[in-house]
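In: Predicted model and sequence below, questions to follow.
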Amino acid sequence: MRMGSGTFAACCIAIEVLGVALFLRGFFPAPVRSSSGTEHQAEPPAPEPAAGASSNWTKLPPPLFSKVVIMLIDGLRDDFVFGSKGVKFMPYTTYVVEKGASHSFVAEAKPPTVTMPRIKALMTGSLPGFVDVIRNLNSPSVREDNVLTQARAAGKRIFFYGDDTWVKLFPKHFVEYDGTTSFFVSDYTEVDDNVTRHLDTVLQRGDWDVLILHYLGLDHIGHVSGPGSPLIGRKLREMDSVLMKTHAALLAQEKKTLLPSLLVLCGDHGMSETGGHGGSSTEEVNTPLVLISSAFERKPGDVRRPAHVQQTDLAPTLAVGLGLPIPKHSVGSLLFPVVQGTALREQLRFLHLNTVQLSKLLQENVPSYEKEPGFEQFKMSERLHGNWIRLYLEENNSEVLFNLGIKVRRQYLDALRTLSLSLSRQVMQYDIYSMVMGTVVVLEVLTLLLLSVPQALGSKANLDVPLWSPVPSLLFYLLLLILLAAHVTVCTSAESSCYFCSLPWLAAGGVMALISALLSAVLAALTKLFVDSRRLRTDPGPCPSRWSDVGLLAVLGTVGHALSLGASSFVEEEHQTWYFLVTTLGLALCHEAYSTCFLGGDAEPPGCHRTERGLDSMVPVQGGNPGCDVLELGQTHRRPASLDGPWGRDRWLVLASPWLTLACCRLLRALNPTGVQGAHRPGLGHWLASSDHRAELSVLAALSLLVIFALVQSRCSWASKVALGLGLLGVYCYRAATGSVLFPWQQDNKDISRGVVEARFVYVFVLGILFMGTKDLLKSQVTAAASKVRTRGLWETHSGFILLAALLSRPHNLPVLVSCLAIQAVMAKFIWKPLRHDAVEVTVMHYWFGQAFFYFQGNSNNMATVDVSAGFVGLDTYVAIPAALLTLFATYMGPVLWASHLLNFLSSEAGSGSALSRACFCYALVCSLPASAYIILVTSLRYHLFIWSVFSPKLLYEGTHLLVTAAICVLFTAVDQTHTKP
């Protein structure tokens with residue numbers, strides 16, 4: 001079966017997306033759970049240890065607090081409370097922390113630092129999986145044992161107000177609730193007012209036992225403006241007044257109760273220096289945890305510095321404080337200062353219950369649990385505890401009893417720390433079978449692409465896929481039977497749950513058939529390659545081709561980048577790799593331009609039919625020995641006639657173009673410092689985004705929009721030019737409405753709004769331009785001037801993407817868009833056309849520049865750099881699919897715009913032949929290579945120290961990038977089909 005190289009590449013990349021999805025499902029499984037069940041079941045608590053006599057304490061200890069209020073402030077960093085901002089903007093909280101009845105901690109939130117998994121960690125005490133980053137958009141209900149389930153079973157009344165993620169996670173737990181969507185990040189006022197408006201009534205009523213308040217405004221300000229925004233101070237002052245009001249109401253109610261109340265101030269995660277979160281930087285993982293209660297009265301001079309604890313430690317602490325069983329899946333340890341004021345026997349009882357729960361979880365998830373240091377410490381502590389109980393029952397007071405009790409307490413605390421650490425390391429189990437099946441699919445696709453290079457990039461740009469010939473068909477059925485037999489064996493003998501085994505037989509059989517078909521195609525391609533190589537040895541035929549500097553750099557750079565992903569530092573600082581490659585490419589183009597303009601290039605090899613380089617480079621040039629028609633990618637080319645003459649202007653423009661590109665790239669590096677080493681450094685973008693430089697940002701944004709219009713409008717139709725101009729004006733109006741830039745007549749920020757009307761105004765023109773481009777593409781199928789109409793339609797589609805990119809870009813990032821368009825124009829006119837680069841080299845250059853501009857935007861391999869606010873431009877409420885698509889486009893704006901320009905450039909060249917097919921194949925190959933290599937590397941490094949903080953976020957980025965590439969390849973194939981249609 002013959003297939004065009006573009007169609008073949010699009011099919012391969014789509015199959016690879018399925019393989020990567022299967023691998024991700026195996027790499028990010030659900031955490032291990034207690035074998036005693038996931039639903040809440042009443043189990044008798046562990047009895048108090050006894051030595052020689054039965055214990056008289058077999059029930060849970062009574063609760064320590066009558067009421068608990070959890071005030072969770074989304075995005076609250078530890079320095080917002082314990083640092084200079086806390087002193088300035090949260091005076092009451094600072095007083096309570098430093099001199100009041102409280103215990104303060106810095107709670108570490110494990111990656112991923114997004115809301116949904118952090119709430120699960122706070123309530124269950126377990127470590128959610130990294131795949132919860134994706135589930136964060138549509139939170140499923142929590143099935144694990146948790147504090148709220150235990151409280152509800154104990155008859156306690158729970159009230160909730162705030163982020164509706166809680167309502168989705170715990171749908172039947174709240175007696176009264178009012179949820180607010182957490183994804184509309186442009187709103188930082190109403191989301192909090194909706195919580196605070198209930199406070200006065202609820203605090204006076206007192207008909208509740210647990211009150212949860214989740215404030216979203218601080219996190220939304222961070223997403224939109226960053227932690228340096230003046231709005232942060234106002235919001236912290238507002239939160240301080242809410243805490244003061246709540247604390248005063250609790251103290252007033254304690255006069256009517258026997259037990260004190262507990263007020264918990266905490267954050268689910270912090271925020272990075274850019275305002276995002278999701279990664280593992282110190283600013284994202286360190287959150288404040290302040291426990292306030294009259295039971296924690298301190299003596300004069302008692303200085304309590306915030307100790308570092310884990311966020312999962314709150315779950316067992318709340319359970320003990322409310323007199324509830326500790327959640328079964330919790331890996332946290334009791335915050336001992338909370339129970340330090342109780343009697344020694346009660347302290348040991350609390351610690352014993354916590355260590356018993358952790359030891360059970362260790363036994364159920366670690367086969368060699370008896371060899372674990374924490375388990376040995378637990379057994380020793382339990383024996384000492386039994387001896388202490390015996391002495392306690394015999395004589396109630398003695399110095400020996402007290403000293404032994406202190407020793408037992410210290411032993412329990414050591415055992416808790418060790419057990420919690422061991423479980424945190426063991427809490428994840430990889431689904432190896434699903435990972436292997438996904439890896440096999442990915443590697444088969446990559447191998448098939450590599451073996452297809454000679455045919456796919458040949459003169460006809462198509463290849464034979466021998467799936468239906470007798471031998472491959474027989475091999476396919478044989479492999480399918482073997483794989484099905486292996487699947488049955490693995491799934492029936494697997495001790496743990498496996499996602500791939502849980503699939504329906506039809507779906508699993510389809511994957512097996514796909515693997516068998518790919519393997520058959522690979523073996524057929526290998527056979528053909530072996531036969532062709534033997535034929536060449538007997539009949540050498542054409543002379544060997546030569547690689548140009550750019551062609552050699554493209555191969556070495558792509559392979560080198562894929563290999564560099566095996567080091568954590570190269571993953572964290574991947575932007576440096578792309579900056580280096582783009583800079584090296586610029587220097588190589590400088591050398592090539594100099595050689596072409598002044599040295600004239602090398603002579604052609606004698607006796608060989610030379611393949612003329614250029615977009616129609618696959619047409620052989622006649623002359624010389626017959627039968628020497630050879631595809632020579634990157635071969636030394638003739639000197640372009642347009643550059644002849646000693647002082648031709650074009651010659652100097654060709655020489656200057658690479659240097660102009662290098663200068664632009666160097667300036668862009670200073671705009672948005674990124675990566676682990678550079679994210680904290682103030683860049684030009686931070687300076688522009690600050691409120692003190694709004695006038696400068698306004699001028700820069702206006703000039704950038706004017707330059708964008710000048711660069712884009714020349715190839716548009718009259719109607720598209722008008723729509724583009726009005727759309728860019730609407731972009732500035734939108735940013736002025738949101739307060740990012742100023743109008744000349746605007747003197748203050750009183751008119752700041754969400755800019756919904758202005759953004760929708762721009763969306764109308766984006767859709768209009770895309771509609772006109774699509775109309776021209778369809779019209780090109782029936783008109784006589786098909787090439788001209790198609791070229792205009794593609795450019796108008798490209799213009800629609802540019803207008804959308806301008807709308808979604810932050811104002812200080814508009815120069816990035818301007819530089820992108822300028823480099824594209826310069827390279828197309830003065831590099832690719834005059835120097836006659838072939839389709840493969842042009843495609844690789846577009847891919848490299850697309851990757852570099854991904855990082856010029858300020859992105860990194862950290863989840864915190866995803867600009868979530870872009871997904872809500874023009875929306876007045878959260879709508880999942882538009883928000884996800886807008887966020888995806890805003891994140892991968894650079895690669896998408898460069899791929900769109902590649903499509904326009906190749907289609908606009910007369911006689912481009914099958915350049916689009918070759919470009920599609922090349923684009924799929926250069927994207928597939930690093931994705932496949934990274935899957936192998938991350939599998940081998942799955943027990944690496946930085947697997948969750950460094951390698952896992954990059955794996956999600958690679959999967960998403962592969963999905964974007966699949967969409968690009970489908971677009972290329974569709975345009976190519978219309979281009980070649982008679």
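Out: Received the coordinates, thanks. Numbers count the residues shown, from 1 in each chain.

In: can you map out the strands along the protein?
Out: Counting by DSSP state E, the chain has strands at residues 2-4, 68-73, 102-108, 158-163, 176-180, 210-215, 262-266, 286-292, 307-310, 462-464.

In: for the first one, packing partners?
Out: The elements that strand 2-4 packs onto, with contact taken as 3 or more Cβ pairs under 8 Å, 6 or more residues apart in numbering; DSSP states H and E, are strand 462-464. Glycine gets a C-beta too; all of them are placed from N, C-alpha and C.

In: What is the strand it packs on packed up against?
Out: If you count contacts as 3+ Cβ pairs under 8 Å, 6+ apart, strand 462-464 packs onto strand 2-4, helix 5-27, helix 453-456.

In: Pro227 and Gly275 touch, don't they?
Out: Yes - counting by Cβ atoms under 8 Å, Pro227 touches Gly275, with 6.0 Å between them.

In: who has more neighbours, these two?
Out: The neighbour comparison of Pro227 against Gly275 (other Cβ atoms under 10 Å) goes to Gly275, with 26 against 20.

In: so what's that one up against?
Out: Applying Cβ atoms under 8 Å, 6 or more residues apart in numbering to Gly275 gives the contacts Ile221, Gly222, His223, Val224, Ser225, Gly226, Pro227.

In: now do Phe27
Out: Contacts of Phe27 (Cβ under 8 Å, 6+ apart): Tyr430, Asp431, Met435, Val938, Thr939, Arg942, Ser952, Leu955.

In: between the residues you listed, which is nearest Lys256?
Out: Comparing the contacts of Phe27 against Lys256 with Cβ to Cβ places Ser952 closest, at 50.2 Å.

In: For the closest one, give its distance to Gly959.
Out: 11 Å (Cβ to Cβ, to the nearest Å).

In: Show me just the buried residues among the contacts of Phe27.
Out: Buried residues within those, counting neighbours by 16 or more other Cβ atoms under 10 Å: Asp431, Met435, Val938, Thr939, Ser952, Leu955.

In: would TSV of the residues you listed with pLDDT and distance to Leu906 be doable?
Out: Formatted as TSV, the buried ones among the contacts of Phe27 follow (pLDDT from 0 to 100; distance: Cβ to Cβ, whole Å):
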residue	pLDDT	distance to Leu906
Asp431	83	42
Met435	93	37
Val938	92	34
Thr939	92	36
Ser952	86	36
Leu955	92	32
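
In: Which ones among those residues lie within helices?
Out: Using DSSP state H, the subset of those located in helices is Met435, Val938, Thr939, Ser952, Leu955.

In: The residue lying closest to Val87 once chain neighbours are set aside - how many residues pack around it?
Out: In space, and not counting its chain neighbours, Val87 is closest to Thr94: 5.3 Å by Cβ to Cβ, 6 or more residues apart in numbering. By the measure other Cβ under 10 Å, the count of residues near Thr94 is 18.

In: Where do the helices of the stretch 551-700 of the chain begin and end?
Out: Using DSSP state H, counting those that start in this stretch, the helices of the stretch 551-700 of the chain run over 568-572, 574-594, 649-671, 675-678, 684-689, 694-712.

In: Worst mean pLDDT among those helices?
Out: Per-segment mean pLDDT for these reaches its minimum on helix 675-678, at a mean of 74.

In: Report all helices and strands that that helix contacts.
Out: helix 568-572, helix 574-594.

In: between those, which gets nearest to Val975?
Out: Nearest to Val975, of all the helices and strands packed on helix 675-678, is helix 574-594, at 26.1 Å by Cβ to Cβ.

In: before we move on, back to that, dump the contacts of Phe27 into CSV; add distance to Arg197 as well.
Out: Formatted as CSV, these follow (distance: Cβ to Cβ, whole Å):
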residue, distance to Arg197
Tyr430, 47
Asp431, 46
Met435, 49
Val938, 48
Thr939, 51
Arg942, 48
Ser952, 40
Leu955, 43
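
In: which among the residues you listed gets closest to Lys833?
Out: Distances from Lys833 to the contacts of Phe27, taken by Cβ to Cβ, are shortest for Leu955, at 38.9 Å.

In: doesn't Gly26 make contact with the closest one?
Out: No - counting by Cβ under 8 Å, Leu955 sits too far from Gly26 to count as a contact (11.6 Å).

In: Determine the residues that are contacts of both of those two.
Out: Shared contacts of Leu955 and Gly26 (Cβ under 8 Å, 6+ apart): none.

In: averaged over its residues, what pLDDT does stretch 908-919 have?
Out: In the prediction, stretch 908-919 has an average pLDDT of 74.

In: Span of it from start to end?
Out: Using Cα to Cα, to the nearest Å, the end-to-end distance of stretch 908-919 comes to 14 Å.

In: Could you break this structure into its assigned domains?
Out: For the chain, the structural domains run 67-341, 435-533, 549-610+643-912, going by the TED database.

In: Phi and psi next, for Asp78.
Out: With angles defined as degrees, to the nearest 10, Asp78 sits at phi -70, psi -30.

In: right, and it touches Pro288 too?
Out: Yes - between Asp78 and Pro288 a contact is recorded at 4.8 Å, counting by Cβ under 8 Å.

In: overlap in contacts of the two?
Out: Common neighbours of Asp78 and Pro288 (Cβ under 8 Å, 6+ apart) are Val106, Gly267, Pro306.

In: measure the residue nearest the centre of the chain to Ser229 for me?
Out: In the chain, the C-alpha nearest the mean C-alpha coordinate belongs to Met863, at 4.0 Å (Cα atoms, centre = their mean). Distance check for Met863 against Ser229: by Cβ to Cβ, it reads 21 Å.

In: Kindly list the longest helix within the chain.
Out: The chain, longest helix under DSSP H: helix 505-538.

In: What are the buried residues along it?
Out: By 16+ other Cβ under 10 Å, the buried positions in helix 505-538 come out as 508, 511-525, 528.

In: And for stretch 353-371?
Out: Buried, per 16+ other Cβ under 10 Å, within stretch 353-371: 353-362, 365-366, 369.

In: Reformat these as TSV; add pLDDT and distance to Arg810.
Out: Below are the buried residues of stretch 353-371 laid out as TSV (pLDDT from 0 to 100; distance: Cβ to Cβ, whole Å):
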residue	pLDDT	distance to Arg810
Leu353	94	51
Asn354	94	47
Thr355	94	50
Val356	93	52
Gln357	92	47
Leu358	92	46
Ser359	91	51
Lys360	90	50
Leu361	88	45
Leu362	86	47
Asn365	72	45
Val366	71	47
Tyr369	77	51
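
In: from those, which is closest to Ser809?
Out: Minimum distance to Ser809 across the buried residues of stretch 353-371 is 46.6 Å, recorded for Asn365 (Cβ to Cβ).

In: how much space between the closest one and Glu376?
Out: Distance of Asn365 to Glu376, computed by Cβ to Cβ: 17 Å.

In: With Gly275 instead?
Out: 46 Å.

In: do the same with Met863
Out: For Met863, the distance to Glu376 (Cβ to Cβ) stands at 38 Å.

In: give me the number of residues near Phe8?
Out: Neighbour tally, Phe8, other Cβ under 10 Å: 26.

In: tell me the contacts of it?
Out: Neighbouring residues of Phe8 by Cβ under 8 Å, 6+ apart: Ser452, Ala456, Asn462, Leu463, Val465, Phe921.
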